[in-house]
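Structure for this input, please:
(one chain, ligands or ions: 1)
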Amino acid sequence: MATAYAAEAIVLRSFRTGEADRVVHLLTPAGRVNVIAKGARKTTAKMGARLEPMTRIEAMIQPGKSDLSTITGAHVQWTGDDLRRDPIRVLAATAGIEAVVRLFPEPEADRRLFDGLARYLVAMTEPLGDDVRVGADVLTLAFVLKLLALAGWRPEVAACVGCGGTVEVFDAAAGCAYCSACGSGIPLDQTSADAVGRLIGEPLGALLELPPAQRAAIVRVCRAMAEEHGGVRLALLGLTATG
Ligand SMILES: [Zn+2]
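Predicted coordinates:
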């Protein structure tokens with residue numbers, strides 16, 4: 001049997017299975033790992049509490065014969081309790097985690113992805129501006145855009161790539177914006193395009209307020225890029241401006 005190892009990990013998702021077990025999907029700096037926590041719902045209930053989604057732990061992992069390893073211990077590094085206390089923040093963070101799960105399905109090592117998710121979850125517990133709902137949404141849109149960029153699908157939206165003119169449409173297949181004379185695609189106005197640029201370029205949480213129409217436009221850009229280049233549907237259901 002392979003040797004057990006310790007790994008820093010963020011709990012992405014957790015499902016009940018069998019009588020008392022849980023299957024837990026973890027993101028580690030070395031990639032995605034799916035583990036089973038035996039008896040997590042009875043005898044070692046304490047361990048179960050450490051395996052709530054969004055918690056950051058140091059996990060002891062025993063590799064198994066199949067894809068599924070066993071988690072034999074967990075020390076909490078960041079509980080996520082401050083986040084889980086607020087349903088608004090939880091809803092938005094669930095959309096952020098969904099984006100990680102869908103955009104990075106392969107078990108590839110990626111320290112930047114791990115650190116980015118850790119930073120995003122911590123940022124979600126901080127003050128989020130005058131309207132928490134809006135702040136949580138904009139923070140999540142910034143995170144999803146940064147994930148797209150990390151995956152190599154950064155939307156180029158500073159200006160029409162054809163003539164340098166004002167942005168009017170976004171062509172997801174080309175991954176860039178055009179004026180309506182140079183190209184076609186989903187509607188994207190220049191102000192929303194500028195917001196996309198700021199959300200990608202500035203640190204997480206630097207921008208927390210955007211009007212509903214801009215948030216909706218950015219959601220459309222994120223969904224179109226994920227579908228076109230990743231072949232995945234991003235529901236982004238937690239976000240209020242999903243129209
Ligand atoms: Zn043009």
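
if you skip the residues just before and after it, what's nearest to residue 196?
Once flanking residues are discounted, residue 196 sits nearest to residue 157: 4.9 Å by C-beta to C-beta, 6 or more residues apart in numbering. Every C-beta, even on glycine, is put in place using the N, C-alpha and C of the backbone.

shouldn't residue 131 be in contact with residue 209?
Yes: at 7.5 Å, residue 131 counts as touching residue 209 under the criterion of C-beta atoms under 8 Å.

what residue ranges in this structure score low on pLDDT?
In the prediction, the chain carries residues with pLDDT under 70 at positions 1, 40-46, 238, 240-243.

and it, which residues reach the ion?
By C-beta under 5 Å from the ion, the part of the chain that sits against the ion consists of 160, 162, 163, 165, 179, 182.

Going by neighbour count, which of these comes out on top?
Within the residues of the chain next to the ion, most neighbours by other C-beta atoms under 10 Å means residue 160, with 22 neighbours.

Quick one: residues contacting the spatially closest residue to it that is not a sequence neighbour.
Of all residues not flanking residue 160 in the chain, residue 179 sits nearest, at 4.0 Å (C-beta to C-beta, 6+ apart). The contact partners of residue 179, taken as C-beta atoms under 8 Å, 6 or more residues apart in numbering, are 160, 162, 163, 165, 166, 167, 168, 169.

Which members of the residues you listed are the farthest-apart pair?
Of all pairs drawn from the contacts of residue 179, the greatest distance, 12.9 Å, lies between 163 and 169 (C-beta to C-beta).

Walk me through the domains of the protein.
Listed domain ranges for the chain are 5-78, 82-230 (source: automatic domain parsing).

Redo those domains as CSV? Include distance to residue 237.
Shown next, in CSV, are these (distance: least, C-beta to C-beta, whole Å):
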stretch, distance to residue 237
domain 5-78, 15
domain 82-230, 6
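
hang on, residue 57 in a helix?
No: using DSSP: H, G, I helix; E, B strand; the rest coil, the assignment for residue 57 is strand, not a helix.

Which residue lies nearest the spatial centre of the chain?
The residue lying closest to the centre of the chain (C-alpha atoms, centre = their mean) is residue 96, at 3.1 Å.

For it, what are phi and psi?
Backbone geometry at residue 96, expressed as degrees, to the nearest 10, gives phi -60, psi -40.

Spit out the contact partners of it.
117, 120, 121, 124, 140, 143, 144, 238.

distance of it from the ion?
Remark: distance between residue 96 and the ion (C-beta to the ion, to the nearest Å) = 33 Å.

how much space between that residue and residue 180?
For residue 96, the distance to residue 180 equals 33 Å [C-beta to C-beta, to the nearest Å].
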